[in-house]
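*Asks:* I need the structure of the sequence given here:
(2 chains)
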Amino acid sequence: MSSRLTTRGLVKRFGSTLALDGVDLDVEDGAILAVLGPSGCGKTTLLRLIAGFLAPDEGTVAIDGAVVADKFRSVPTRRRDIGLVPQEGALFPHLDVAANISFGLSRHERSGPRVIELMDLLELPRDLAHRRPAELSGGQQQRVAVARALAPNPRVLLLDEPFSSLDAALRSSTGRAVINAIRASKATAVLVTHDQDEALSLADKVGVMDRGQVIQVDSPNTVYAQPASPFVASFVGEGSLLAAQLRRDGDAAHAICTFGEVPLANEIHGDAAVVFIRPEQVIVRPDLAGKAIVSSVAFHGHDAMVRLVDEGTGEILSARVAAAVMPLVGTRMTVELRGSSLGFEARS
Amino acid sequence: MAAFTLLPLIHVVIYAGGVDWDVARAELFRPRMGWLLWHTVALVAGGVALSATLATSCAWVVERTAIPAPRFWRAVLVAPLAVPAFVNGYAWVSMTHAVEGYLGAVLIVSLSYFPFIYLPVTASLMQLDREYEDTAHTLGLGGWAMFVRVVLPQLRPALLGGSLLVALHLLAEFGALQMLRYPTFTTAIYEQFGTTFNGPSANLTASVLVLLCLIALLGELRLRGRVTLARVGGGVARPATRIDLGAGRVPVVGGLSLVALLSIGVPVASLIHWMTVGSSTAFPVGNLTRTTLITLGFAGVGAAIATIAAIPVAILVVRRPTNVSIGVERSTFIASSLPGIVVALALVGLVLKVAPAIYQTAVVLVGAYVMMFASRAVVGVRAALDHAPPVLEDVSGSLGLNTWATFRRVTLPLVAPGVAAATALVFIAIATELTATLLLAPIGTRTLATQFWSASSSMAYGAAAPYALLLVLLSIPATIMLGRMTSTPANGRHA
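*Replies:* Just a heads-up that it's a prediction; the model follows:
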């Protein structure tokens, strides 16, 4: 499949701050890419460069193979054929739902069937057509914002944290409806978010960003199971990063850390490593002679997350336990590690 | 724009700097000057104190106690703004000469200007989180102690801002005080201008008056200090649990009624009286129509120019705040805090020096109006721009609209109501302006205010009545607008 959106070596500085530090991305025709990262990692800057609200200091943005921005010239936003869904929707407050959706259509198209098509596509009840934005719920506002962006059939749809202002229940239902609409209209989309669940559950590919760089771009499954760096591992999934020594035993290698020994799932060089232990791998048992002490317990209903501190090294390990066997803070535990873990070469 | 609006101040400073020191000393250290200073300061102190007391007690009673029809009282307590102070002075003095002198002057100017404090205090009370007051109750504070220790400190910014506005208006007040025969710097400057024209007396007195205005501005800044105003989020305001007054209800409602009677009842009754029974009452329809049209013409041109000049300033301040753009904005505020008489006097001096050809033309008068009222346009246009956040323009661009189409289809419809309201406020301020118009109007050009003035100051109270009525009718829309801005809790700020 052809690449619809391509960036190469994008660099953007704000004064002395390097917001983007050489970003390369490829989004295939019809694919949905989630750009995931903590706040301040440069993901919104990246979106604004693709949209054309900012111009790059270095590098290029290309849509359908044609360069729309480099350090010398930048095609204005209105000629890039993109759609934008900003945070909290930003519907035009002086226009009703139908007029918002048809805003980007030609005068002739505005009276056609397109508005109803899009309202149906986003599962918006037709009787909302003449409501004002202020009379809609947050989830409805976001759906209208997506309908408005999709109406002129843009080549690329850009979504900037579109669900972050919604509460948890609305977030997942709105997210699903929006993704279904994007797939049905065969649009190519870039979704910027800091929410791991959102990125993993909605997108075809996830690009993880940190400090202006894209660390890894892969399918959600791969990003979760085979993170490319300790940062990706801890940002995408829950778990603890622990320093470990390696013990090689023929082909197999074992990592020995404060809390015990665990087989490595991948091959790495050297003797020292950082291992990533998921809370599901940790089995704990109360033991008066144990060296791990419970420092906090967070109850989640179906289970509980227990934080353990090693008496000797002070290192911290998270463990998931069944709600029925929740320990008290201060309890001494022995720890057993199950399964295998990913290791990363220790940077010393 | 900054240089233009600051012209009067610059002129005053240059004049004061260049004047012969012996002449200045002879003028400034006359006993008459000290006497005027005492009169002016006493009036400002008494007027501000009475206005603040009236405004705060009325606002608290209306917002926090279980009086009947609070909405009605809210409207009634803003209504005095529809009667220009000089019309109010005329209404009283034409009924009884007992109001001449200090106490009468303090009473009447307070009745005219207390809404300038009432409005921001009411807005603050509406925004003030009730939980502070509830918490204070749980801590065992009773009514009065709670008001003094919890409510009053939080009202401080609103009280100070409103008091500053009243102080500046009192320093600038000419018509009402002249009518009540209470001399201050402003009335003295007018008389000196009448006898010595552009002489050193008037200009030196004006310098002292400017100094008093700057002291009031700085004093307010100083007292306000580092009070941080926590902005209340967009949540729905909780309906206040109002204090049950019990038997105290009768005197409280009686007090409110008295304020309403004195501030609205007396001027309205007086106007009706002079319209119906005044022996000199005449309806010169042709003259009335001509004067109204001239007034509307000046107000229209002045308001249009002030708004057009305000738009770039407001856009720059909101979208690209730099020291320069903020400085330009502030300069309009300083210019507007100068009394009309100072602006007019400075323009007379400047125009005679620089461009005598335009002296006594409409150009100078419109220029004075723009200097005096540009800040109101800037404030209004700024508030309007808050309704059009830049993200909407981004979205419009992403949907393929160019800059002009975005302006036409997004920005303009969103800001137009606010800009229109700002223009209307400036329009009405110009239409009822008296002092600068008296000094600068071209010979033979009469506005409603100056016609009213010439009739009422020659005791032709009946002849003045139709003009007074038209002035009041013109002021009503602005009063309603100000009242509305306050009753929507999101816009609690007033300039």
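
*Asks:* Distance of residue B:247 relative to residue B:253?
*Replies:* 12 Å (C-beta to C-beta, to the nearest Å). Just so you know, the C-beta spots here come from the backbone N, C-alpha and C atoms, and that holds for glycine as well.

*Asks:* who's more crowded, these two?
*Replies:* Each of residue B:247 and residue B:253 has its neighbours counted (other C-beta atoms under 10 Å in any protein chain shown); residue B:253 has more, 17 against 6.

*Asks:* which intervals of the stretch 351-495 of chain B have sub-threshold pLDDT?
*Replies:* Low-confidence segments of the stretch 351-495 of chain B (pLDDT under 70): B:486-495.

*Asks:* So which residues on it come close to chain A?
*Replies:* By the rule C-beta under 8 Å from any C-beta of the partner chain, the part of the stretch 351-495 of chain B lying against chain A is B:387, B:389, B:391-392, B:394-402, B:409-410, B:413-414.

*Asks:* Now, of those residues, which are buried?
*Replies:* Neighbour counting with 16 or more other C-beta atoms under 10 Å in any protein chain shown marks B:387, B:391-392, B:394-401, B:409-410, B:413-414 as buried within these.

*Asks:* ok, so of these, who is nearest residue B:471?
*Replies:* residue B:387 (31.7 Å; C-beta to C-beta).

*Asks:* wait, what's in contact with the closest one?
*Replies:* A:93, B:414-415, B:418 (C-beta atoms under 8 Å, 6 or more residues apart in numbering or on different chains).

*Asks:* For the residue of chain B found nearest chain A, give me its contacts.
*Replies:* Nearest residue of chain B to chain A: residue B:399, at 3.1 Å (C-beta to the nearest C-beta). Contact criterion C-beta under 8 Å, 6+ apart gives A:78, A:83-84, A:103-104, A:148-149, A:152 as the residues in contact with residue B:399.

*Asks:* In CSV, list those along with pLDDT, secondary structure and distance to residue A:249.
*Replies:* CSV is the format used below for these (pLDDT from 0 to 100; DSSP: H, G, I helix; E, B strand; the rest coil; distance: C-beta to C-beta, whole Å):
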residue, pLDDT, secondary structure, distance to residue A:249
A:78, 90, helix, 63
A:83, 92, strand, 55
A:84, 93, strand, 55
A:103, 93, coil, 65
A:104, 91, coil, 63
A:148, 94, helix, 60
A:149, 94, helix, 56
A:152, 92, coil, 61
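
*Asks:* Flag every residue of chain A that's near chain B.
*Replies:* Within chain A, the positions lying close to chain B (C-beta under 8 Å from any C-beta) are A:51-53, A:76-84, A:86, A:90, A:92-94, A:103-104, A:148-149, A:152, A:154, A:158.

*Asks:* And the buried ones among those residues, selectable in ChimeraX?
*Replies:* The following ChimeraX line selects those of the residues of chain A next to chain B that are buried, judged by 16+ other C-beta under 10 Å:
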select /A:51,52,53,77,78,80,81,82,83,84,86,90,92,94,103,104,148,149,152,154,158
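
*Asks:* For chain B, give me the ranges with low pLDDT.
*Replies:* Checking chain B against pLDDT under 70 turns up B:1-2, B:129-132, B:134, B:136-137, B:140-143, B:198, B:224-241, B:278-282, B:486-495.

*Asks:* Check the secondary structure at the most far-flung residue of it relative to its centre for me.
*Replies:* In chain B, residue B:400 marks the outermost C-alpha relative to the chain mean, sitting 44.8 Å out by C-alpha atoms, centre = their mean. On the three-state scheme (DSSP: H, G, I helix; E, B strand; the rest coil), residue B:400 is labelled coil.
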